[in-house]
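# turn this into a structure:
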Amino acid sequence: MTERFEILVVGAGPCGIAVGAAAAKAGVSCALFDRGCITNSLVNYPYYMTFFSTARMLEIGDVPFTIPESKPTRREALAYYRFVASHWKMDVRQYESVEEISGGEGRFTVRTRKADGTGATYEAGAVVMATGGFHRPNYLDVPGEDLPKVHHYYHEPYPYFDQDVLVVGAGNSAVESALEMFRNGARVTLVHFLDTIDRGVKPWVVPDITNRVENGEIPVYWKHRVARIEPGTVVLVDVESGAETEIPNDFVVAMTGWRADHAPLRALGVEIDEETGIPAHDPTTMQTNVPGLYIAGVIAAGHNANKIFIENGREHGGLIVEHRRAATGRAG
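You can find the predicted model right below:
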């Protein structure tokens, strides 16, 4: 017999887990599917990252996040969300990618592919897309971006010791990776199309990067973009004058952000705002314009991933479950 769930969640990140926790509390059958492991996006964060939010703001499912310091590390968050999943005895299907969703409210059919290549089919009353905003990087779209020395992720500084590294961007990821590589022996240069670091950079990091820049320890090309990437150099272009500058380069670390995958939503008839990238949905229930199909977490933020974090995306689970209970006559 085909397994059936009242709610099937695509994505097992923190916000997907929040849906699972809300469903468990309400006694609603629910399963989470992820093409990777639980909180796969956090696994890909820099190894020694510290969250901007406090541990309390990252709590889900009424499970306390108790740590010695106020702001958790990546390692602590990974342990916490796995504990939440275990605490609520969630049905999490890791390494099982969702290949196709068809049908409609009350009768969705979901086809998946497991790690061993075998397929499976499930039924669901409702589907929640909690796939995050990290499907693909915002590419530079310049010649040479396909060279092996170009990376759109950053884990740790050690591979860059005694190397000329260009960091693209001036947000949290760019600034923190630049500082860490600088302190571990890399010759780091920043390039940004604006004339200052982003406003969202963590306040305790701002003085550090400001001092490094003012002291000339981390050179910055403000109001510049990458024009092209060569095996041993990078060519930058002034966004105002068009003048080009060529600098020595061994690695390019492009911290230019990521984008969500809207293809599954579009295939099901969800309207996507072309300018903002925000899927059509009711923010009070998180239901899209397709009945029975919901979104949770950063995918609801469209192109502005900084609009929704775990601390506000975690609330989506409760909204979704309560709406499903009302829709199926189980509210109260």
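
# quick check on D164: phi, psi?
Backbone torsions of D164, given as degrees, to the nearest 10, read phi -90, psi 110.

# contacting residues for it?
Going by C-beta atoms under 8 Å, 6 or more residues apart in numbering, D164 touches 186-187, 189, 247-251. Using the backbone N, CA and C atoms, a C-beta is placed for each residue, glycine as well.

# mind doing that once more with 7 Å?
187, 248-250 (C-beta atoms under 7 Å, 6 or more residues apart in numbering).

# thinking D198 is in contact with S173, fair?
No - D198 is beyond contact range of S173, at 10.0 Å (criterion: C-beta atoms under 7 Å).

# more neighbours, the two?
Taking other C-beta atoms under 10 Å, D198 and S173 do not tie; S173 has more neighbours (22 against 14).

# which other helices and strands does the helix or strand encompassing the more buried one contact?
Per DSSP states H and E, S173 falls inside helix 172-183. Applying 3 or more C-beta pairs under 7 Å, 6 or more residues apart in numbering; DSSP states H and E, we find helix 172-183 packed against strand 164-168, strand 187-192, helix 206-214.

# need the winner for burial among these.
Ranked by mean neighbour count, these are led by strand 164-168 with a mean of 24 (mean count of other C-beta atoms under 10 Å).

# would you turn the helices and strands packed on helix 172-183 into JSON lines with mean pLDDT and distance to K114?
Output for the helices and strands packed on helix 172-183, formatted as JSON lines (pLDDT from 0 to 100; distance: least, C-beta to C-beta, whole Å):
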{"stretch": "strand 164-168", "mean pLDDT": "98", "distance to K114": "37"}
{"stretch": "strand 187-192", "mean pLDDT": "98", "distance to K114": "42"}
{"stretch": "helix 206-214", "mean pLDDT": "96", "distance to K114": "44"}
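
# reformat the ones you listed as JSON lines; add distance to I308.
Output for these, formatted as JSON lines (distance: least, C-beta to C-beta, whole Å):
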{"stretch": "strand 164-168", "distance to I308": "24"}
{"stretch": "strand 187-192", "distance to I308": "24"}
{"stretch": "helix 206-214", "distance to I308": "23"}
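
# these: which one's closest to H316?
Nearest to H316, of all those, is helix 206-214, at 30.5 Å by C-beta to C-beta.

# and whichever helix or strand comes after the closest one, which strands flank it?
The helix or strand immediately downstream of helix 206-214 is strand 220-222, counting by DSSP H and E. The strands that strand 220-222 pairs with in its sheet are strand 187-192 (parallel) (by DSSP bridges).

# first to last residue in stretch 42-49, what's the distance?
This stretch, stretch 42-49, spans 10 Å end to end (C-alpha to C-alpha, to the nearest Å).

# list the buried residues of that stretch.
For stretch 42-49, the neighbour count (16 or more other C-beta atoms under 10 Å) marks 42, 45-46, 49 as buried.

# present the contacts of D164 as TSV; the columns should include distance to V239 and secondary structure.
Below are the contacts of D164 laid out as TSV (distance: C-beta to C-beta, whole Å; DSSP: H, G, I helix; E, B strand; the rest coil):
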residue	distance to V239	secondary structure
R187	24	strand
P248	22	strand
N249	19	coil
D250	25	coil
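
# looking at the residues you listed, which is nearest V298?
Within the contacts of D164, the smallest distance to V298 is 31.7 Å, found for N249 (C-beta to C-beta).

# need the contact partners of stretch 75-82.
Against stretch 75-82 from outside (C-beta under 7 Å, 6+ apart): 14, 17, 38-39, 42-43, 51, 58, 65, 67.

# buried among the residues you listed? Need that as a selection in ChimeraX.
If you want just the buried ones from the contacts of stretch 75-82 in ChimeraX, going by 16+ other C-beta under 10 Å, the selection is:
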select :14,17,38,39,42,51,58,65
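
# now, which of the contacts of stretch 75-82 sits nearest R259?
Closest approach between those and R259, by C-beta to C-beta: L42, at 18.1 Å.

# got the phi and psi for that closest one?
Main-chain torsions, L42, degrees, to the nearest 10: phi -70, psi -30.
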